[in-house]
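Peer 1: what shape does this take:
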Amino acid sequence: MEGNMEGYAKNPSSDLTRWIYALLILGAVIGIVAAGQYMRNVYTMFIVPNPTGTILLDLAPLGETTAFQYHFDVGSGKLSLAKPPFFGYSASGSRDGHSIVVIDSEGEQRSVFVIDLEGGTHEPFSTSDAIPMLLPALSPDSQRVAFTTPPEDVSTLQYIEAWSIYVAERGKIPEWVAVGADPHWSPDGRFVLFLSEAGLRLFDTHLRMELLVWPLERADGKANMKIDVSDDGRKLAWSNTDNHEVVIASIESWEPFTAVVDQRISVDAFWPVFSPDGEWLAYEEVTWGEFNDNPRLVLYNIASGKMMVVADLSAFDQQRMFMTDWIQ
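Peer 2: The predicted structure is shown next:
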């Protein structure tokens, strides 16, 4: 039979089969290479860089009634009492990162101070003998400061319509501008965004008028809600413990004001603050019903959804806890 093998006609499909196998193998190799490149791109896309900077908080140790300024070093994960040149409470950084504003009280006199972070010096910005100041926000040009004042009657603290917004120019007496809380400046310094009972309002410092720009539906604004605006003015965070969520929105325009919700984080949390680059959001998360509500500091990466508990705050009174800014 071996001698007759050469006499058989050659199978015409054998070459075609070899070519098909070769093409399939080549296609598989190309597919593997392409898939590998795709996975590298996806991996690169979702690499989450470690956040940096310092988160500013006002904390009262359990059993004490006075809150002190604390700093959380995001890089090292260390929480410590603020050291000079920092002092006072309710600290907030400037847009350029060169200074912060704080409130300091001496007797009945309350003052807004500006601290130069490079030189370590400080100077009074505005003073009032009667107005209790909270949450100061320095305008982008550093010439004005907006702040909140709580009601005199402590039984009305939960009602946001009992709070007020003031604006002060450097060296001048503060001026009342609106009913509400938690003011934040627009990037051009013309508008002040703040919380009201009806929702978010915008005060126009040029026209001296306010406008409801984000009405609440089936709910009222409350004093325990908090908002933050990223340093570039393009993102908004809004916490609402009644809805058990923190909303992250993109600000598309300040005039007219338009914003679109991007994410809703299901969480019971207060005090959302953006990182200086706007890539992260920090907030104080709680668990209702646990001792002292089990407060902890959480960092949330906006692009990837990565969430990290970075500090246990249970040694501090949750009712006297403020997280006021994140600076570089």
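
Peer 1: please count neighbours and contacts with C-alpha atoms only from this point.
Peer 2: Noted.

Peer 1: where does this structure dip in pLDDT?
Peer 2: For the chain, the stretches with pLDDT under 70 are 1-48, 106-109, 128-130, 218.

Peer 1: need the contact list for the residue nearest to residue 55 when sequence neighbours are not counted.
Peer 2: Nearest-residue entry for residue 55: residue 326, 4.2 Å, with adjacent residues in sequence omitted and distances by CA to CA, 6 or more residues apart in numbering. If a contact means CA atoms under 8 Å, 6 or more residues apart in numbering, then residue 326 has 53, 54, 55, 56, 93, 273, 274, 275, 276 as its contacts.

Peer 1: which of those fall in helices?
Peer 2: Counting by DSSP state H, none of the members of these fall within helices.

Peer 1: just the closest of those to residue 208, please.
Peer 2: residue 93 (25.5 Å; CA to CA).

Peer 1: any idea how far the closest residue to residue 277 other than its chain neighbours is from residue 279?
Peer 2: Nearest non-adjacent residue to residue 277, counting by CA to CA, 6+ apart: residue 231, 7.4 Å away. Summarising the geometry, the distance separating residue 231 from residue 279, computed by CA to CA, to the nearest Å, is 11 Å.

Peer 1: who has more neighbours out of the two?
Peer 2: With neighbours defined as other CA atoms under 10 Å, residue 231 and residue 279 compare such that residue 231 has more, 22 against 17.

Peer 1: part of a helix, is the more buried one?
Peer 2: No - the assignment for residue 231, made by DSSP: H, G, I helix; E, B strand; the rest coil, is coil rather than a helix.

Peer 1: residue 280 is in contact with that one, correct?
Peer 2: No - taking CA atoms under 8 Å as the contact criterion, residue 231 and residue 280 are not neighbours in contact, 11.9 Å apart.

Peer 1: what do these two both touch?
Peer 2: residue 274.

Peer 1: residue contacts, the residue lying closest to residue 145 once chain neighbours are set aside?
Peer 2: If the residues on either side of it in the chain are set aside, residue 145 comes closest to residue 138, at 4.5 Å by CA to CA, 6+ apart. With contacts defined as CA under 8 Å, 6+ apart, the neighbours of residue 138 are 92, 93, 94, 95, 100, 101, 144, 145, 146, 185.

Peer 1: try 10 Å this time
Peer 2: When contacts are counted by CA atoms under 10 Å, 6 or more residues apart in numbering, residue 138 touches 92-95, 99-102, 114, 144-147, 167-168, 183-185, 189.

Peer 1: now do the helices in the stretch 151-300 of the chain.
Peer 2: Listed in chain order, the stretch 151-300 of the chain contains no helices at all (DSSP state H, counting those that start in this stretch).

Peer 1: what's the neighbour count on the spatially closest residue to residue 185 that is not a sequence neighbour?
Peer 2: Beyond its immediate neighbours in the sequence, the residue positioned closest to residue 185 (CA to CA, 6+ apart) is residue 192, lying 4.6 Å away. Residue 192 has 23 neighbouring residues, counting by other CA under 10 Å.

Peer 1: go ahead and confirm residue 192 touches residue 205.
Peer 2: Yes - with contact defined as CA atoms under 10 Å, residue 192 reaches residue 205; the gap is 7.6 Å.

Peer 1: where do the contact lists of the two overlap?
Peer 2: Any residue near both residue 192 and residue 205 by CA under 10 Å, 6+ apart counts here, and that gives 167, 177.

Peer 1: need the contact list for residue 254.
Peer 2: The neighbours of residue 254, taking CA under 10 Å, 6+ apart as the test, are 186, 187, 188, 190, 191, 193, 202, 213, 233, 234.

Peer 1: can you check residue 193 too?
Peer 2: With contacts defined as CA under 10 Å, 6+ apart, the neighbours of residue 193 are 180-186, 200-204, 210-213, 227-229, 254, 257.

Peer 1: can you tell me, leaving aside adjacent residues, what's nearest to it?
Peer 2: Spatial nearest neighbour of residue 193, chain neighbours left out: residue 202 (4.6 Å); criterion: CA to CA, 6+ apart.

Peer 1: now do residue 176
Peer 2: Nearest-residue entry for residue 176: residue 166, 4.4 Å, with adjacent residues in sequence omitted and distances by CA to CA, 6+ apart.
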